[in-house]
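Trainee: using only what follows, build the 3D model:
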Amino acid sequence: MIHSFAVHVPDAELVPEPLDPAQIVSGSPEVTGKVVWESDDGRQVRGIWQITPGVVTDTETDEVFVVISGSATVEVDGGPTLHLGPGDMAVLREGDRTTWTVHETLRKVYAVNL
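Mentor: The predicted structure is shown next:
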C-alpha cells in the first residue's frame, strides 16, 4: 500500500521517455517524465511530464493537468486552441487529436484515466 506523499514538482528528477519520431512536426523536442502514483489495475496514473520546445502531434487519453512552468499552444482537431502557461489547468478528452507547439520547456503535473 502506498501512503499519502508530496513531491516538489519544479525540481523533481525526471527520466527520458520515448517520443515516436512520427509525432515530431518540427524541432527536436525531448520528453521526460515520472510516474508518481499508479492504481493497482494500472487504469489511473498520476505524474510529472516535461517537453522541450518543438511541435508534436498526439492522440490524447482522458487527462487533466496543471502547467507548472513553460508555455505551449495546443490545437485540438475540431475543437479549441489552448494557450497554456504556468498555473493553467487543462482537460483533454480521450481520442482528441492534438498538435502541441511548445514555446518554452513545459512541465506539467497530470492525472490520466486509461
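Trainee: contacts only, for the residue positioned nearest the centre of the chain.
Mentor: Centroid-nearest residue in the chain, with Cα atoms, centre = their mean: W49, separated by 5.0 Å. Counting by Cβ atoms under 8 Å, 6 or more residues apart in numbering, W49 touches 14, 17, 31-33, 65, 107-110. Using the backbone N, CA and C atoms, a C-beta is placed for each residue, glycine as well.
Trainee: do the same with R107
Mentor: For R107, the residues meeting the contact criterion (Cβ under 8 Å, 6+ apart) are 9-10, 48-50, 67-70.
Trainee: make CSV from these and add pLDDT and distance to T61 to it.
Mentor: Formatted as CSV, the contacts of R107 follow (pLDDT from 0 to 100; distance: Cβ to Cβ, whole Å):
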residue, pLDDT, distance to T61
V9, 97, 20
P10, 97, 25
I48, 98, 16
W49, 98, 12
Q50, 98, 18
V67, 98, 18
I68, 98, 20
S69, 98, 23
G70, 98, 21
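Trainee: and the residues you listed, which of them are buried?
Mentor: 48-50, 67-68, 70 (16 or more other Cβ atoms under 10 Å).
Trainee: I'd like the average pLDDT over the longest strand seen in the chain.
Mentor: Of all the segments of type strand in the chain, defined by DSSP state E, the longest one is strand 97-113. Strand 97-113 comes out with an average pLDDT of 98.
Trainee: for it, which positions count as buried?
Mentor: 98-102, 105-110, 112.
Trainee: which of these lies closest to D41?
Mentor: The nearest member of the buried residues of strand 97-113 to D41, counting by Cβ to Cβ, is V112 at 13.3 Å.
Trainee: give the contact list for the closest one.
Mentor: The contact partners of V112, by Cβ under 8 Å, 6+ apart, come to 44-46, 61-63.
Trainee: mind giving me TSV with those and columns for pLDDT, secondary structure and neighbour count?
Mentor: Converted to TSV, the contacts of V112 look like this (pLDDT from 0 to 100; DSSP: H, G, I helix; E, B strand; the rest coil; neighbours: other Cβ atoms under 10 Å):
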residue	pLDDT	secondary structure	neighbour count
Q44	97	strand	14
V45	97	strand	17
R46	97	strand	14
T61	97	coil	15
D62	98	strand	15
E63	98	strand	19
